[in-house]
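Chemist: I would like the atomic coordinates for the input below:
(chains A and B)
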Protein chains: 2
Amino acid sequence: MKILFTFRPPRTWQDQLSTAFPEETFSYYKSIEEAEDLAEAEVIVTFGEDLTKEHIDHCPKLKWIMVASAGMEKMPFQSIQQRGILVTNARGIHKIPMAEFTVGYMLNHVKRFPEFLDLQEQRTWNKRLSIGELAGKHLLMLGTGAIGTEIARLAKAFRMKTTGVNRSGHENAYFDRIYTMDKLSTLLPQADFIVSILPSTEETRHLLKKEDFEAMKETAAFINIGRGDLLEEEVLMEALKNNEIAHAYLDVFVEEPLPDNHPLWSQENVTITPHISSVTSEYVPRALRIFMNNLEIYKENGTDYENKVDPQKGY
Amino acid sequence: MKILFTFRPPRTWQDQLSTAFPEETFSYYKSIEEAEDLAEAEVIVTFGEDLTKEHIDHCPKLKWIMVASAGMEKMPFQSIQQRGILVTNARGIHKIPMAEFTVGYMLNHVKRFPEFLDLQEQRTWNKRLSIGELAGKHLLMLGTGAIGTEIARLAKAFRMKTTGVNRSGHENAYFDRIYTMDKLSTLLPQADFIVSILPSTEETRHLLKKEDFEAMKETAAFINIGRGDLLEEEVLMEALKNNEIAHAYLDVFVEEPLPDNHPLWSQENVTITPHISSVTSEYVPRALRIFMNNLEIYKENGTDYENKVDPQKGY
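Modeler: You can find the predicted model right below:
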């Protein structure tokens, strides 16, 4: 069978695939446009942002799409469902890098590492900075799925208090308490860290408003690794200018890349990263391990696929 | 009874002490030299670096010394033992800040946060930095006491491998394996992070030699939060210049404060902090909670003191 990748995994992984599945034909392309034998593919492995309805129509033999990411907003699910094509993805592989990223910045914040970098540049030995701890601090997670729960798990290891908000209020083991979204405004004043991993939906768009930032502790840090449109950036800028919170760590923005004349770049008390909280050198290997596991199942006409996607629901 | 402090805790804590023990007399001084009523003291609370044999002789009523730290190298234990004076300390209160500090720099290292700071200053959106993870990385702890074990506990929460070395090779739950010191050279080549919490003793002085750094991975990070004389700084400088390791995070030095003309300040791939890994705003509150607990026991003529010190052993 023809297995076609619309990206090029590292050479070592191509070799591993050929060794593990010597009877299959693997083709690797930089992009779907370059995939000249696309029409022959029985399996397509993609990052999920390139496939269109026209591609599906163009591939009569296509039976399985492996999306090597978790974002599937652009997938042509209607055609996929009509054709009964199997879809699997790599959900779950974001939680480790994103949780490490978040805890990393929480530690940076309490330990004031950037200030020690400045002191080192000035060759200054200063023991008088007041250094805090994560232990005993209160984390408020907006979103309690796989990623939010992994962050809460690590927060618990650091002896933090953890509160979550989600749509259902359904509890889980790493949160001291979970509330429904409508309780948010009563929870904000208690939190030392407010971390959002929320996706962009009608409900979450501009969820955090001026009065929410006013309700936060002046010493609180806000970390956004979900989507940029959780708030209007002008509202956040105002909150930071008025010192309503101590710091914002932003990995996502309304417009990405963040335009180079955007005022957030130079706003005090803001740390900007280029939407990389989930990026890691382990990403492709981890996605390919899921794929190889599922390829075994596929070849045996099994049904117990890892991360099978329901095309009707889109996740 | 007269309880005399040779340092001044925050006002709120002074109030808490008076409220909890209204029948006792508390005096607070900036230093032992200013303590005019020292001779009246039944209890002295000190950071442990100011007490001399002469002070002990000068305090006929002294029955209990609470050392609000863990370092007691300068305590006049012989006089203390002769007089049968009770000594308690605050050991254990270092492990939380020191473990958070260590994991914070490990995350800084794999996530390359300082480079993102530079990119932000240049208003540059760069998604191409190769970002690693703690998950799956290998931690080698030199020293497996309360602090080393707390670091290993957090490392396990981050899905790391943990190996320890100590004098006995005695195992403990948060280490995959613990070896005796003489196995060190065979363990170094496998470690991604080498963290030392070792005290300064005859055995640990200049323990890490040129060939040890040569044995480490080129990608390894070395973190020293123990004592500066674990190595000769010239040896470490050479290792860094030759890229035998990727980075050194140093909180302790042979001479402290690190002299401002010292070459380590500007050596590439070195992060310098001013012996602050154990410093935290929670330090005095935590020490005073131990003291208050022990004061209850003392008043009831109990014996079950928290952190009782054996003057003969000095710990």
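
Chemist: domain parsing for chain A?
Modeler: A:2-93+A:281-299, A:95-272 (automatic domain parsing).

Chemist: which one of those lies closest to chain B?
Modeler: Between chain B and the domains of chain A, the shortest gap by CB to the nearest CB is with domain A:95-272, which sits at 3.4 Å. C-betas here are computed from N, CA, C, even on glycine.

Chemist: now the end-to-end length of that closest one.
Modeler: With CA to CA, to the nearest Å applied, domain A:95-272 spans 20 Å between its terminal residues.

Chemist: do stretch A:178-188 as well
Modeler: Using CA to CA, the end-to-end distance of stretch A:178-188 comes to 13 Å.

Chemist: secondary structure element for the closest residue to residue A:312 other than its chain neighbours?
Modeler: Closest residue in space to residue A:312, ignoring its immediate chain neighbours: residue A:81 at 6.2 Å, by CB to CB, 6 or more residues apart in numbering or on different chains. Counting by DSSP states H and E, the element that carries residue A:81 is helix A:77-83.

Chemist: Pull out the buried residues from that helix.
Modeler: Neighbour-count burial for helix A:77-83 flags A:77, A:79, A:80 (criterion: 16 or more other CB atoms under 10 Å in any protein chain shown).

Chemist: check those against chain B, which are close?
Modeler: Among the buried residues of helix A:77-83, none lies close to chain B by the criterion of CB under 8 Å from any CB of the partner chain.

Chemist: Turn those residues into TSV, columns for pLDDT.
Modeler: Output for those, formatted as TSV (pLDDT from 0 to 100):
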residue	pLDDT
A:77	93
A:79	94
A:80	95
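
Chemist: Let me know the closest of those residues to residue A:196.
Modeler: The nearest member of the buried residues of helix A:77-83 to residue A:196, counting by CB to CB, is residue A:77 at 26.4 Å.

Chemist: what's the closest one in contact with, if anything?
Modeler: By CB atoms under 8 Å, 6 or more residues apart in numbering or on different chains, residue A:77 lies in contact with A:87, A:311, A:312, A:314.

Chemist: Which strand residues bridge residue A:141?
Modeler: residue A:164, residue A:195 (DSSP bridges).

Chemist: count of neighbours near it?
Modeler: Neighbourhood size, residue A:141 [other CB atoms under 10 Å in any protein chain shown]: 29.

Chemist: Just want the phi and psi numbers for residue A:73.
Modeler: Main-chain torsions, residue A:73, degrees, to the nearest 10: phi -60, psi -30.

Chemist: next helix or strand past the helix holding residue A:81?
Modeler: Taking DSSP H and E, what comes next after helix A:77-83 is strand A:86-89.

Chemist: if we can go back for a sec, with respect to burial, which of the domains of chain A scores highest?
Modeler: Of all the domains of chain A, domain A:95-272 carries the top mean neighbour count, a mean of 19, counting by mean count of other CB atoms under 10 Å in any protein chain shown.

Chemist: Now do it, average pLDDT.
Modeler: The average pLDDT for domain A:95-272 rounds to 96.

Chemist: Same check on stretch A:29-47?
Modeler: In the prediction, stretch A:29-47 has an average pLDDT of 95.

Chemist: Was I right to think residue A:308 contacts residue A:88?
Modeler: Yes: using CB atoms under 8 Å, residue A:308 is in contact with residue A:88, at 5.5 Å.

Chemist: Give me the mean pLDDT for stretch A:285-296.
Modeler: When pLDDT is averaged along stretch A:285-296, the result is 94.

Chemist: mind checking the end-to-end distance for stretch A:5-13?
Modeler: Counting by CA to CA, you get 12 Å between the two ends of stretch A:5-13.

Chemist: From the rest of the structure, what touches that stretch?
Modeler: A:14, A:17, A:26-32, A:35, A:44-47, A:50-51, A:68, A:284-285, A:288.

Chemist: Go again with 6 Å.
Modeler: A:28, A:29, A:32, A:45, A:46, A:47, A:50, A:284, A:288 (CB atoms under 6 Å, 6 or more residues apart in numbering or on different chains).

Chemist: Now render these as a markdown table, adding distance to residue A:263.
Modeler: Shown next, in a markdown table, are those (distance: CB to CB, whole Å):
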| residue | distance to residue A:263 |
| --- | --- |
| A:28 | 42 |
| A:29 | 41 |
| A:32 | 38 |
| A:45 | 41 |
| A:46 | 37 |
| A:47 | 32 |
| A:50 | 34 |
| A:284 | 36 |
| A:288 | 41 |
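
Chemist: Which residues of the stretch 151-300 of chain A lie near chain B?
Modeler: Proximity of the stretch 151-300 of chain A to chain B (CB under 6 Å from any CB of the partner chain) is limited to residues A:154, A:157, A:257-258, A:260, A:265, A:272-274, A:276, A:279-282.

Chemist: Which two of those have the greatest separation?
Modeler: The largest separation in these, counting by CB to CB, is between A:157 and A:260 at 38.4 Å.

Chemist: Which residue ranges of the stretch 201-315 of chain A form helices?
Modeler: A:210-215, A:233-241, A:283-299 (DSSP state H, counting those that start in this stretch).

Chemist: any idea how far the nearest residue to residue A:268 once chain neighbours are set aside lies from residue A:255?
Modeler: Residue nearest to residue A:268 in three dimensions, not counting chain neighbours: residue A:240, with 7.1 Å by CB to CB, 6+ apart. In this view, residue A:240 and residue A:255 are 18 Å apart by CB to CB, to the nearest Å.

Chemist: about what we covered before: now, among the contacts of residue A:77, which is nearest to residue A:197?
Modeler: The shortest gap between residue A:197 and any of the contacts of residue A:77 belongs to residue A:314, at 18.4 Å (CB to CB).

Chemist: related to what we said a few turns ago, could you dump the contacts of stretch A:5-13 into JSON lines with distance to residue A:130 and secondary structure added?
Modeler: Output for the contacts of stretch A:5-13, formatted as JSON lines (distance: CB to CB, whole Å; DSSP: H, G, I helix; E, B strand; the rest coil):
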{"residue": "A:28", "distance to residue A:130": "53", "secondary structure": "strand"}
{"residue": "A:29", "distance to residue A:130": "55", "secondary structure": "coil"}
{"residue": "A:32", "distance to residue A:130": "54", "secondary structure": "helix"}
{"residue": "A:45", "distance to residue A:130": "51", "secondary structure": "strand"}
{"residue": "A:46", "distance to residue A:130": "50", "secondary structure": "strand"}
{"residue": "A:47", "distance to residue A:130": "45", "secondary structure": "coil"}
{"residue": "A:50", "distance to residue A:130": "50", "secondary structure": "coil"}
{"residue": "A:284", "distance to residue A:130": "42", "secondary structure": "helix"}
{"residue": "A:288", "distance to residue A:130": "46", "secondary structure": "helix"}
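
Chemist: re earlier: can you pull the alpha-carbon coordinates of the helix holding residue A:81 into PDB?
Modeler: What follows is helix A:77-83, C-alpha atoms only, in PDB (Å, rounded to 0.1, in the frame of the first residue of the first chain):
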ATOM      1  CA  PHE A  77     -14.700  16.500   7.500                       C
ATOM      2  CA  GLN A  78     -17.900  16.400   5.400                       C
ATOM      3  CA  SER A  79     -16.200  14.700   2.400                       C
ATOM      4  CA  ILE A  80     -14.300  12.500   4.800                       C
ATOM      5  CA  GLN A  81     -17.400  11.300   6.500                       C
ATOM      6  CA  GLN A  82     -19.200  10.700   3.200                       C
ATOM      7  CA  ARG A  83     -16.400   8.500   2.100                       C
END
